[in-house]
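>>> Got a predicted model here, sequence first, then my questions.
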Amino acid sequence: STTTTTTPTTTTTTSKNINSDKNSSRGSTNEKKKPHLLSVCLWSAASFRTRGKHDFKHSIDDTITRLREWIEFHLLVGVDHIYVYDNSGAFGNSTNSLRPVVNLFPSSQVTWIDWPMQVCNNNVPAHENIGERSSQYAAENSCRERYGPRTEWMASIDTDEYLVPQGSHTSLRTVLEQAT
């Protein structure tokens, strides 16, 4: 099952990992419980430039400041583990890193992955920022492949997006437990 939430600039997909192996399905007598109910994949950089067709682009360099609050919030509302794919070194910005923020949290809850990738963009010359978004898609794919088998549910979101329990729910865990 898949839940998609659309914001003005992005689409976030949260999906349940479905495995055809009989022993991995929930409710099975031979069930092997996965370590996490909900994990989040994040692809981000310490600083970046906004994209788009407007005449001026903004440099955003407050990710390090915002990331701590973003991680704290998601851990408080029931996310079991966050995988931070740090793209800070992709465009020569190797002096800044998200690692110091990630290191403030236990490695059992937050994992830092160095991701200095510039992946090719097949839309050349249609886009001036070659490889900018394809690196994010590759990171999300890597996260799903590497860590998906360890979690029941996985979301790929950005630092300006928050998973917020709605209605009478105070935790994302209760939402997902009721959905399964």
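Yep, it's here. Computed from a predicted structure; not experimentally measured.

>>> Can you point out the buried residues in the longest helix seen in the chain?
Among the segments of the chain that qualify as a helix by DSSP state H, the longest is helix 132-147. For helix 132-147, burial by neighbour count (16 or more other Cβ atoms under 10 Å) applies to Glu132, Ser134, Ser135, Gln136, Ala138, Ala139, Glu140, Ser142, Cys143, Arg144, Tyr147. C-beta: built from backbone N, CA, C; applies to glycine.

>>> which helices and strands does it pack with?
strand 36-44, strand 81-86, strand 110-114, strand 151-156 (3 or more Cβ pairs under 8 Å, 6 or more residues apart in numbering; DSSP states H and E).

>>> For the helix or strand that contains Thr174, which helices and strands make contact with it?
Assigned by DSSP states H and E, Thr174 belongs to helix 172-179. Judged by 3+ Cβ pairs under 8 Å, 6+ apart, helix 172-179 is in contact with strand 36-44.

>>> Give me the sheet partners of the strand it packs on and which way each runs.
strand 81-86 (parallel), strand 151-156 (parallel) (DSSP bridges).

>>> Look up phi and psi at Ile157.
phi -140, psi 170 (degrees, to the nearest 10).

>>> mind listing what it touches?
Residues near Ile157 by Cβ atoms under 8 Å, 6 or more residues apart in numbering: Thr12, Val40, Cys41, Leu42, Leu163.

>>> Look up how far Leu172 lies from it.
12 Å (Cβ to Cβ, to the nearest Å).

>>> any weak-confidence spans in the protein?
Within the chain, the stretches with pLDDT under 70 are 1-31, 48-60, 91-94, 119-133.

>>> how about a cut-off of 80?
For the chain, applying pLDDT under 80 flags the ranges 1-31, 47-62, 91-95, 118-134, 180.

>>> ok so, going back, and the helix holding Thr174 with strand 36-44, angle?
120 degrees (axes from the mean of the first three to the mean of the last three Cα atoms, to 10 degrees).

>>> Please list the outside residues in contact with helix 172-179.
1, 16, 37-38, 77-79, 152-153, 163, 165-166, 169.

>>> again with stretch 137-146
Against stretch 137-146 from outside (Cβ under 8 Å, 6+ apart): Cys41, Trp43, Tyr83, Tyr85, Asn87, Ile113, Trp115, Met117, Val119, Met154, Ser156.

>>> rerun that using 7 Å as the cut-off
Cys41, Trp43, Tyr83, Tyr85, Trp115, Met117, Val119, Met154, Ser156 (Cβ atoms under 7 Å, 6 or more residues apart in numbering).

>>> now stretch 106-121
Against stretch 106-121 from outside (Cβ under 7 Å, 6+ apart): 43, 71, 75, 81-87, 89-90, 98-99, 102, 127, 130-131, 134-135, 138-139.
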